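[1] heads up, no residue letters with this:
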Ligand code: MLT
């Protein structure tokens, strides 16, 4: 039985019971899959959202980390889950690049999901270990050009935001670095702080507190304007790398075939979560902000995601940067 036929068989009973089902939903804990290791930026965003959505829906939203393969293992888990609203995915810009980057996946990277709504768009930072002999981005560029593969750069696997940002950094300098993949930039951060990792490009939700504490060195933010939570950090353009701009959008997804009433219920709960003052403050403290209520709707998320897939496809094809 093909996956699509199996999915239709799974969805049929749900479609018949939809009105009653959606009214009672949820009647048990919802699992929110994070496709990267615990402690990283995706996990941070997911846990903040899950807590508030659980409160709103009168139940619990339990985060489960399914890392590996650049976020595709976790995405596969949701794409092949029962479309009943009890397994959802919190993922980021990887959902825009994976359809072009991976040519052999065991799930449908585009048609396997129902977008629920967007969450936030997070700036990235270029960071280094504390004792790296470079005091600013210009000195870092000189060091990278001198040491080349003698320096290593961590990422969370092919298709991860840290991988994409690292690729942009290396191609901007025309210098290849030794890349070290992890199941998420949470564990990678431990090795950056410990000094076995030299460099990383990661989201402010994972780097802000480390930069402030002085346990790692921040060189630049990858947005066109400075981030209020790190006012002393220059933009890459200010620091001598014009045109280096990348930020990481995040969204929620349900398996394809999830009843529209349930997707709407989840989106409504997401929108309420994004308006909770404590969550807004925490996002701001970590260098980001919630999207608007309209951007947290399925329709907006779908058009944004579709456009992002189209944006990355020619870039990946031109670089032949396929994952397999
Ligand atoms: C993470 O949550 O570990 C990161 O988002 C991984 C990445 O995309 O670099």
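    Good, I have the coordinates. Not measured: the values here are computed from a predicted model.
[2] C-terminal to the helix or strand hosting residue 172, what's the next element?
    Secondary structure assignment for residue 172, by DSSP states H and E: helix 161-173. As assigned by DSSP H and E, the chain's next helix or strand after helix 161-173 is strand 178-181.
[3] So which elements touch the host helix or strand of residue 267?
    Per DSSP H and E: residue 267 is located in helix 260-273. Counting contacts by 3 or more C-beta pairs under 8 Å, 6 or more residues apart in numbering; DSSP states H and E, helix 260-273 packs against helix 18-24, helix 41-57, strand 113-129, strand 247-255, helix 298-319. Quick note: C-beta positions are derived from backbone N, CA and C, even for glycine.
[4] and that helix, average pLDDT?
    Helix 260-273 shows a mean pLDDT of 98.
[5] swap in stretch 97-116?
    Rounded mean pLDDT across stretch 97-116 is 94.
[6] does any part of that stretch sit near the ligand?
    No - residues of stretch 97-116 are not located near the ligand by C-beta under 6 Å from any ligand atom, the shortest gap being 10.3 Å.
[7] shaky segments in this protein?
    Applying pLDDT under 70 to the chain flags the ranges 1-22, 320-322, 324.
[8] now the angle from the helix holding residue 267 to strand 113-129?
    With axes from the mean of the first three to the mean of the last three C-alpha atoms, to 10 degrees applied, the angle from helix 260-273 to strand 113-129 works out at 40 degrees.
[9] Can you give me the buried ones in helix 260-273?
    Within helix 260-273, the residues scored as buried using 16 or more other C-beta atoms under 10 Å are 262-263, 265-273.
[10] Export the residues you listed as CSV, with columns for distance to the ligand.
    Output for those, formatted as CSV (distance: C-beta to the nearest ligand atom, whole Å):
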residue, distance to the ligand
262, 26
263, 24
265, 26
266, 21
267, 22
268, 26
269, 22
270, 19
271, 23
272, 24
273, 19
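[11] hang on, the earlier thing: now tabulate the helices and strands packed on helix 260-273 in JSON lines and tack on mean neighbour count.
    Listed next are the helices and strands packed on helix 260-273 as JSON lines, based on neighbours: other C-beta atoms under 10 Å:
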{"stretch": "helix 18-24", "mean neighbour count": "13"}
{"stretch": "helix 41-57", "mean neighbour count": "22"}
{"stretch": "strand 113-129", "mean neighbour count": "25"}
{"stretch": "strand 247-255", "mean neighbour count": "25"}
{"stretch": "helix 298-319", "mean neighbour count": "15"}
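[12] want to try a markdown table for these, with distance to residue 159 as columns?
    Conversion of the helices and strands packed on helix 260-273 to a markdown table gives the following (distance: least, C-beta to C-beta, whole Å):
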| stretch | distance to residue 159 |
| --- | --- |
| helix 18-24 | 33 |
| helix 41-57 | 13 |
| strand 113-129 | 15 |
| strand 247-255 | 12 |
| helix 298-319 | 10 |
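[13] and residue 241, which of these is closest to it?
    strand 113-129 (8.6 Å; C-beta to C-beta).
[14] roughly how far is that closest one from the heart of the chain?
    4 Å (C-alpha atoms, centre = their mean, to the nearest Å).
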